[in-house]
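Colleague: For reference, the sequence and a predicted model appear below.
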Amino acid sequence: MLDLSIVTGHWDLFLQGLMHTVLASVLALVGSFLLGTLVAVLRLAPILACRWVGTAFVEFFRNIPLLLVVYLFYLGVTSLGVPLDGFQAGTLGLTIYTAAYIAEAVRAGIQSIPRGQTEAARASGLTYGQAMRLVVLPQALTVVIPPLCNQFLNLIKNSSVLGVVAGLDLMYFGDKVESITLATFDTYIFVGLLYLLLTLPLSYASRALERRLGQSR
């Protein structure tokens, strides 16, 4: 049987970690979506230098571990004199890492839109940026909502990396409670249940939205 006193006796620590996990996830979700969309647009831009920048970003951050990206901010950036605590460094690393995957999902959505729509928008006098913002992206984003939801789910789970750099997240306080109680199994079971509390509603909402979009097409 699980020892519920671990939760009741240290609920303040679990709650503090849960709130920081939610905050880091929301900040990284918004930031990675905006950055990922920008990178996707750069990867398809008519200017070669822009495509190089977008491709380099995606290939670099998709092919190194998330923990290393976080360390680049927590140890690398701070060594240059930029003050970042564990929460800030972890959230920035999580944002940039996730943005690389979102960029690929958005790029696939853009490429699924008939090229004639972009050409028609450009022929009507819109710039490339305006054509993307006003014509192509609104249609592309509806196509990529399911994969975006999957990336957001992964983002919440990946936020546990903040615990490695003292990011005050759920995993960090889970480690703290475990060191106090020495109840390793029970503590991390409760930590896992709290992560499920965050991810399961989003998972069910994602499936419902995917079914709804499938019926409307």
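Modeller: Cool, the structure landed. Numbering: from 1, shown residues only.

Colleague: For this structure, which segments are assigned as helices?
Modeller: 5-9, 11-43, 48-62, 66-71, 78-79, 86-112, 115-123, 128-131, 137-143, 145-158, 170-181, 184-216 (DSSP state H).

Colleague: Please list all residues in contact with residue 175.
Modeller: residue 163 (Cβ atoms under 8 Å, 6 or more residues apart in numbering). The C-beta positions use only the backbone N, C-alpha and C, and glycine is treated the same way.

Colleague: how close does it get to residue 152?
Modeller: 25 Å (Cβ to Cβ, to the nearest Å).

Colleague: And residue 117, by the same measure?
Modeller: Distance from residue 117 to residue 152, by Cβ to Cβ: 27 Å.

Colleague: burial measure for residue 27, as a count.
Modeller: 16 (other Cβ atoms under 10 Å).

Colleague: so it touches residue 95, yeah?
Modeller: Yes. At 7.2 Å, residue 27 and residue 95 qualify as touching, with contact defined as Cβ atoms under 8 Å.

Colleague: Contact partners for the nearest residue to residue 107 once chain neighbours are set aside?
Modeller: Using Cβ to Cβ, 6 or more residues apart in numbering and skipping the chain neighbours, the partner closest in space to residue 107 is residue 40 (4.2 Å). For residue 40, the contacting residues are 54, 102, 103, 104, 105, 106, 107, 110, by Cβ under 8 Å, 6+ apart.

Colleague: Residue 183 now?
Modeller: Contacts of residue 183 by Cβ under 8 Å, 6+ apart are 3, 6.

Colleague: Same check on the one 5 residues further on?
Modeller: If a contact means Cβ under 8 Å, 6+ apart, then residue 188 has 174, 178 as its contacts.

Colleague: again, only using 10 Å
Modeller: 171, 174, 175, 177, 178 (Cβ atoms under 10 Å, 6 or more residues apart in numbering).
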